[in-house]
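> using only what follows, build the 3D model:
(one chain, ligands or ions: 1)
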Amino acid sequence: MIDLRSDTVTRPSAGMLAAMTSAPVGDDVYGEDPTVTELEETVAGLLGHEAGLFTVSGSLANILGVRALSAPGTEVLCEASAHIARAELGAHAAVSGITTRTWSAPAGQIDLAQIRALISADLGPYFVRTAAVSVENTHNFGGGSIQRSYDVLADELDAIGLPLHLDGARLWNASVASGVPVSAYASRAAAASVCLSKGLGAPVGSVLVGSTELIREARVWRKRLGAGWRQAGVLAAAGLYALQHNVDRLAEDHANARLIAEILADAAPGSVKPDQVDTNIVVADLAATGKSVPEVVEAARTEGILVGGVGPTQLRLVTHLDVSTSGCRRAGEVVAGLLR
Ligand SMILES: *Cc1c(COP(=O)(O)O)cnc(C)c1O
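Residues are numbered from 1 along each chain as shown. The predicted structure is shown next:
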């Protein structure tokens, strides 16, 4: 099977497993796991922040990051297909008492005019106050797109004193593709999360970064939510290994995604624009092909290719370190055959 449903399906390599089994560990709730501490300090340093917190998932890192910037009864603004709005099962409302209002833009991009219009100052007892703006970079359901207006938005939010939350699950991809260091993105945000378990290939884990104070509070909330952990250094070691070995190679995943997009665009013109595939995610729109998403997903499966549906007419293929260029070419050709 060639599995392009997500970049979360990777399995730890032999080198990564060796790093995990030889990691020094301790009780992280006591702050005594040296490998966890090393990972948190390493990622905070890379992202230009004072402190980091290792979490079991990106969703948890986002729940802790958003709640650190907001309070019950306030709102966070984000794009309508953002992971925090669509894929965290209402956690920000259910767990933290925070509502979202959204803007909609092609490829999940920042839309400055819409954001300016949405921002609601503190109007006392009349309207919900906007506490933060959250931006996803790269944008997952937007097709792995890199945010074009990130710095402009960050400047505007700075000017009015509104914090930026960065969902950087795939910030590594944005950085490798754009050449902009991860710190240049993340340091603009008051809280930022990055995933180790997507394209970086670790089996588990994300890191939330922010100020020492913000992370101290997030650590309390992580424990309160039952997600403190003990000898988590075995998992942190996988993250450290991934940071050393699997960041630069993301460029291969990006080239493979472009290759798939070109094959699909040839077979079904207009379904995808290859020059808009910024990183490792290809979202193809089947609307003009007359094929349904479930039909194509099922037919691809019988030919050994796993792909996912992310909308009524949208098919998603995500490249990653466990699928080679020839595997991606084969997957592209099989799906192209089904769309033709
Ligand atoms: C995957 C992902 C997350 C976190 O997902 P988990 O499955 O909870 O680790 C957060 N944001 C985005 C944009 C993602 O793609």
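
> so A169 makes contact with S57?
No. Using CB atoms under 8 Å, A169 is not in contact with S57, being 9.9 Å away. Heads up, the C-betas are built off the backbone N, CA and C, glycines and all.

> between the two, which contacts overlap?
S206 (CB atoms under 8 Å, 6 or more residues apart in numbering).

> who has more neighbours, these two?
Per other CB atoms under 10 Å, whichever of A169 and S57 has more neighbours is A169, with 28 against 17.

> what residues are up against the more buried one?
Contacts of A169 by CB under 8 Å, 6+ apart are 58, 83, 136, 140, 193-195, 198, 206.

> need those in TSV (columns: distance to L259).
Output for the contacts of A169, formatted as TSV (distance: CB to CB, whole Å):
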residue	distance to L259
G58	27
H83	26
E136	25
N140	20
S193	30
V194	26
C195	24
K198	20
S206	29
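
> among those residues, who's most crowded?
Most neighbours among these, by other CB under 10 Å: S193, with 33 neighbours.

> that one and G309, how far apart?
25 Å (CB to CB, to the nearest Å).

> which residue is the nearest non-sequential neighbour of the residue of the stretch 151-300 of the chain found nearest the ligand?
The ligand sits closest to A169 of the stretch 151-300 of the chain, with a gap of 3.4 Å, by CB to the nearest ligand atom. Spatial nearest neighbour of A169, excluding adjacent residues (CB to CB, 6 or more residues apart in numbering): C195 at 4.2 Å.

> strands of the stretch 151-300 of the chain, start to end?
According to DSSP state E, counting those that start in this stretch, the stretch 151-300 of the chain carries its strands in the segments 164-168, 191-195, 206-210, 281-285.

> OK, contacts around the residue in the stretch 1-150 of the chain positioned nearest to the ligand?
Closest residue of the stretch 1-150 of the chain to the ligand, CB to the nearest ligand atom: G58 (2.3 Å). Under the criterion of CB under 8 Å, 6+ apart, the contact list for G58 reads 83, 167, 169, 193, 195, 197-198, 206.

> from those residues, which is closest to V234?
S197 (14.2 Å; CB to CB).

> the strand ranked longest in the chain vs the ligand: in contact?
In the chain, with assignment by DSSP state E, the single longest strand is strand 130-136. Yes. Using CB under 6 Å from any ligand atom, strand 130-136 reaches the ligand at E136.

> now for that strand, which elements pack on it?
With contacts defined as 3 or more CB pairs under 8 Å, 6 or more residues apart in numbering; DSSP states H and E, strand 130-136 has these neighbours: helix 58-69, strand 75-79, helix 83-86, helix 150-160, strand 164-168.

> buried set for it?
130-136 (16 or more other CB atoms under 10 Å).

> so for that strand, mean pLDDT?
What strand 130-136 shows for mean pLDDT is 98.

> could you do stretch 198-215 as well?
pLDDT averaged over stretch 198-215 gives 98.

> that one: how far from the chain's middle?
When distances are taken as CA atoms, centre = their mean, to the nearest Å, stretch 198-215 is centred 11 Å away from the chain's centroid.

> re earlier: can the helices and strands packed on strand 130-136 go into a markdown table with extra columns for distance to L286 and mean pLDDT?
Below are these laid out as a markdown table (distance: least, CB to CB, whole Å; pLDDT from 0 to 100):
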| stretch | distance to L286 | mean pLDDT |
| --- | --- | --- |
| helix 58-69 | 28 | 98 |
| strand 75-79 | 22 | 98 |
| helix 83-86 | 20 | 97 |
| helix 150-160 | 30 | 98 |
| strand 164-168 | 27 | 98 |
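
> distance to S6 added to those, as JSON lines?
Listed next are these as JSON lines, based on distance: least, CB to CB, whole Å:
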{"stretch": "helix 58-69", "distance to S6": "12"}
{"stretch": "strand 75-79", "distance to S6": "20"}
{"stretch": "helix 83-86", "distance to S6": "12"}
{"stretch": "helix 150-160", "distance to S6": "24"}
{"stretch": "strand 164-168", "distance to S6": "16"}
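
> residues near N173, how many?
When neighbours are counted by other CB under 10 Å, N173 registers 28.

> tell me the buried residues in the helix or strand bottoming out on mean pLDDT in the chain?
Every helix and strand in the chain was compared by mean pLDDT, DSSP states H and E; the lowest is strand 308-311, with a mean of 92. Neighbour-count burial for strand 308-311 flags 308-310 (criterion: 16+ other CB under 10 Å).
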